[in-house]
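Trainee: Next come a sequence and a model predicted from it.
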Amino acid sequence: MSDVSPLIQSLRTAVEAAPGDVPLRLHLAGLLLDAGQQDDAVTQVAVALQHAPGDGQAKALMVRAMSNSPAQTPPSVLPSAPATPPTEPGPGNTFNWGAAADQVKDVLPPRFVEEPLATDGSGDPEGAPAWDVDAPGTVRLADVGGMQEVKDRLDAAFLAPLRNPELRKLYGKSLRGGLLLYGPPGCGKTFVARAVAGELGASFLSVSVNDVLDMWIGNSERNMHELFETARRQAPCVVFLDELDALGGKRSRTQSAGMRNTVNQLLTELDGVDAAANEGVFVLAATNVPWDVDIALRRPGRFDRTLLVLPPDAPAREAILRYHLRDRPIEKVDLGKLVKMTDGLSGADLAHLCESAAETALLDSVRTGVVRMIGMKDLLGAAKQTVPSSEPWFASARNVAMYANDGGMYDDLVAYLKKRRKL
């Protein structure tokens, strides 16, 4: 049998069509061995072992292929016991799999690029960064359409003291502090946080609950400490804690000692080891349910300032619609009319509206066979079908504003609900 054997050629074609079919690839490898083509056989078996590392037939074929290729195989690789290899390598088999792997290492890329963690979840690869810190970005508050009240509050809380160091020194204003952004989902809290980092010329470290919580006891607290240590080294740095209610929920409501310890660690990091430990570290957090955040996180010196981020106003809706329509084929779109029709929709709702309008035009083009542009009819139809996703949030927030507004914590929410006649 030779390399031009019709059977081998057919099997090569079949394997190329189904690269994950291990039995088919091993059958080809066996025929190649019978034809005296050990190198090709080794390649085929190596690919099979990548798909099925524990396959006994593949291991036996590898032993056979390497044993039949003494000119290319180091003596240490060859079996030193019986001349006929066992079909399944066992304890008595002295075949050197490490040397065999070295010989075929250039055939396939490594299956893993990092060393696995230890069984206790520790042991990050040496030199690997624990947290990805984004360099100062180009997004500024000017890139946030509308939302002037939000911008004014942010300027007073963070930006004005930074821009006026002499006045800050005169009045003893520290650069420490935290700001809690709250409001209905999909209204741009993360984008606002990035804009603040851009205004400060600061690095940006975004943290979610999945980045911190760990199944191993003590690791969650360690992760929390390491992220703040990273921010201190990268100062000025904005730390953005997304879903703060999950990371810092009320300890009285949780039965998990691990979660309570994580909240305690967060409180410790916010206070800093000493008065200057967190200088230049700006902590922003976002939540949809601020009333579920532990009260200790809301005391002065921590997240003592809150900012309500509401569904976009008219200028913001126009900017969002322009952004999501910028690369789509549109004609005769009256943005002014569309902005009026979309009052109350969140940024995520507006993105969905544009997607739905594009889908309508696409399906119509498929049915008729004539490609057409996205028009006002598509956008208005999508607007009528889009229900504001923030309504359930306001239904819950209304009860909080009416019965749990202790100390005027949610006065801005009360004012908005009265303005919208929802209270």
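Mentor: Yep, it's here.
Trainee: Could you check how many residues crowd around Leu362?
Mentor: 14 (other CB atoms under 10 Å). To be clear about C-beta, it is placed using only N, CA and C from the backbone, and glycine gets the same treatment.
Trainee: List the contacts of it.
Mentor: Neighbour list for Leu362: empty [criterion: CB atoms under 8 Å, 6 or more residues apart in numbering].
Trainee: A helix includes it, no?
Mentor: Yes. Read with DSSP: H, G, I helix; E, B strand; the rest coil, Leu362 is one of the residues of a helix.
Trainee: In contact with the residue nearest to Pro185 when sequence neighbours are not counted: list those residues for me.
Mentor: Nearest non-adjacent residue to Pro185, counting by CB to CB, 6 or more residues apart in numbering: Asn288, 5.3 Å away. Neighbour list for Asn288: Tyr182, Gly183, Pro184, Pro185, Asp245, Trp393 [criterion: CB under 8 Å, 6+ apart].
Trainee: Let's see that with 10 Å instead.
Mentor: Neighbour list for Asn288: 182-187, 189, 243-245, 390, 393, 396-397 [criterion: CB atoms under 10 Å, 6 or more residues apart in numbering].
Trainee: likewise Lys173?
Mentor: Ala160, Pro161, Leu162, Asn164, Pro165, Leu167.
Trainee: I'd like those laid out as a markdown table, including distance to Tyr410, neighbour count and secondary structure.
Mentor: Listed next are these as a markdown table, based on distance: CB to CB, whole Å; neighbours: other CB atoms under 10 Å; DSSP: H, G, I helix; E, B strand; the rest coil:
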| residue | distance to Tyr410 | neighbour count | secondary structure |
| --- | --- | --- | --- |
| Ala160 | 25 | 13 | helix |
| Pro161 | 26 | 18 | helix |
| Leu162 | 28 | 18 | helix |
| Asn164 | 31 | 13 | coil |
| Pro165 | 34 | 11 | helix |
| Leu167 | 31 | 11 | helix |
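Trainee: Export those residues as CSV, with columns for distance to Asp327 and pLDDT.
Mentor: CSV is the format used below for those (distance: CB to CB, whole Å; pLDDT from 0 to 100):
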residue, distance to Asp327, pLDDT
Ala160, 37, 79
Pro161, 39, 74
Leu162, 36, 70
Asn164, 41, 78
Pro165, 42, 75
Leu167, 44, 80
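Trainee: nearest to Leu321, of the residues you listed?
Mentor: Ala160 (31.4 Å; CB to CB).
Trainee: Domain ranges for the chain, per the record?
Mentor: Domain segmentation of the chain under automatic domain parsing yields 6-103, 141-308, 314-385.
Trainee: Which of those domains sits closest to Tyr403?
Mentor: Nearest of the domains of the chain (CB to CB): domain 141-308, 10.7 Å.
Trainee: Kindly check the end-to-end length of that closest one for me.
Mentor: Start-to-end span of domain 141-308 (CA to CA, to the nearest Å) is 16 Å.
Trainee: Now, of the contacts of Asn288, which are buried?
Mentor: Neighbour-count burial (16 or more other CB atoms under 10 Å) is assigned, among the contacts of Asn288, to Tyr182, Gly183, Pro184, Gly186, Cys187, Lys189, Glu243, Leu244, Asp245, Ser390, Trp393, Ala397.
Trainee: now, among those, which is nearest to Thr262?
Mentor: For the buried ones among the contacts of Asn288, the closest approach to Thr262 (CB to CB) belongs to Leu244, at 12.0 Å.
Trainee: Report the mean confidence score over the strand or helix carrying Ala195.
Mentor: Element membership for Ala195, per DSSP states H and E: helix 189-200. The average pLDDT for helix 189-200 rounds to 85.
Trainee: export the following helix or strand past it as PDB, just CAs?
Mentor: Downstream of helix 189-200, the next assigned helix or strand under DSSP H and E is strand 203-207. This file holds the C-alpha atoms of strand 203-207, laid out as PDB (Å, rounded to 0.1, in the frame of the first residue of the first chain):
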ATOM      1  CA  SER A 203      -6.900  54.800  35.000                       C
ATOM      2  CA  PHE A 204     -10.200  52.800  35.100                       C
ATOM      3  CA  LEU A 205     -10.700  49.600  37.000                       C
ATOM      4  CA  SER A 206     -14.100  48.000  36.500                       C
ATOM      5  CA  VAL A 207     -15.100  45.300  39.000                       C
END
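Trainee: Can we start the residue count at 380 from this point?
Mentor: Let's use 380 as the start, then, which means that last one is strand 582-586.
Trainee: dump the residue contacts of the closest residue to Asp683 other than its chain neighbours.
Mentor: Using CB to CB, 6+ apart and skipping the chain neighbours, the partner closest in space to Asp683 is Arg677 (6.7 Å). By CB under 10 Å, 6+ apart, Arg677 lies in contact with Gly557, Leu559, Gly627, Pro669, Asp683, Arg684, Thr685, Gly786, Met788.
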